[in-house]
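Peer 1: Sequence first, predicted model second:
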Amino acid sequence: QAQVAESGGGSVQAGGSLRLSCAASGRTFDELYTGWFRQAPGKERELVAAISRSGETTYYTDSVKGRFLIFRNKAKKTIDLQMNALTPEDTAVYYCAAHWTFYNDYIPKNRDEYGFWGQGTQVTVSS
């Protein structure tokens, strides 16, 4: 088993930046693929970005490509999501999710393949 927890949410004006961090306990990110999901009011939870356990493979949904960066923060031992050029459409609760895997570069897109979820952190972008 593993537990993950998010930090770093908050409020920012459009065009600004925020960084979210996901910390794990029980397992290390060397054993886990990790994704950042978000859910806006009235919308389904969507996968925003994900990273393989090797850190070599990443995924981004089209709406955040070029603006968001997911990476392993080795100093903090976290998986971070750097979010730049934020827009009001990015407003949502952001969740870190992970699951263990034997495969170095596997990244599932289906939320059902993520077994460990954080509580979520609110990101609000004002215009």
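Peer 2: All right, it came through fine.
Peer 1: Please count neighbours and contacts with C-alpha atoms only from this point.
Peer 2: Fine.
Peer 1: hang on, residue 112 is in a helix, isn't it?
Peer 2: Yes. When DSSP: H, G, I helix; E, B strand; the rest coil is applied, residue 112 is found to be in a helix.
Peer 1: any idea how far the residue most central in space within the chain lies from residue 121?
Peer 2: Taking Cα atoms, centre = their mean, the centroid of the chain lies closest to residue 36, which sits 2.1 Å from it. Residue 36 sits at a distance of 11 Å from residue 121 (criterion: Cα to Cα, to the nearest Å).
Peer 1: what residues are shared contacts of the two?
Peer 2: With contacts defined as Cα atoms under 8 Å, 6 or more residues apart in numbering, the residues shared by residue 36 and residue 121 are 94-95.
Peer 1: related to what we said a few turns ago, so what's the residue nearest to the centre of the chain bridging to?
Peer 2: residue 49, residue 96 (DSSP bridges).
Peer 1: Ok, residue 125 next?
Peer 2: Following DSSP bridges, residue 125 is listed with bridge partners residue 12.
Peer 1: Go ahead and confirm it touches residue 11.
Peer 2: Yes. A contact is recorded between residue 125 and residue 11 when judged using Cα atoms under 8 Å, the distance being 5.9 Å.
Peer 1: what about stretch 118-127, start to end distance?
Peer 2: For stretch 118-127, the first and last residues are 28 Å from each other (Cα to Cα).
Peer 1: Extract the residue ranges of this protein that are flagged as low pLDDT.
Peer 2: Along the chain, no part satisfies pLDDT under 70.
Peer 1: what about the strands in it?
Peer 2: 3-7, 10-13, 18-25, 32-39, 46-51, 58-60, 68-73, 78-83, 92-100, 116-117, 121-126 (DSSP state E).
Peer 1: Quick one: closest of those to residue 110.
Peer 2: Using Cα to Cα as the measure, strand 46-51 is the one of those that comes nearest residue 110, at 8.1 Å.
Peer 1: residue contacts, residue 98?
Peer 2: Counting by Cα under 8 Å, 6+ apart, residue 98 touches 4, 32-35, 114-117.
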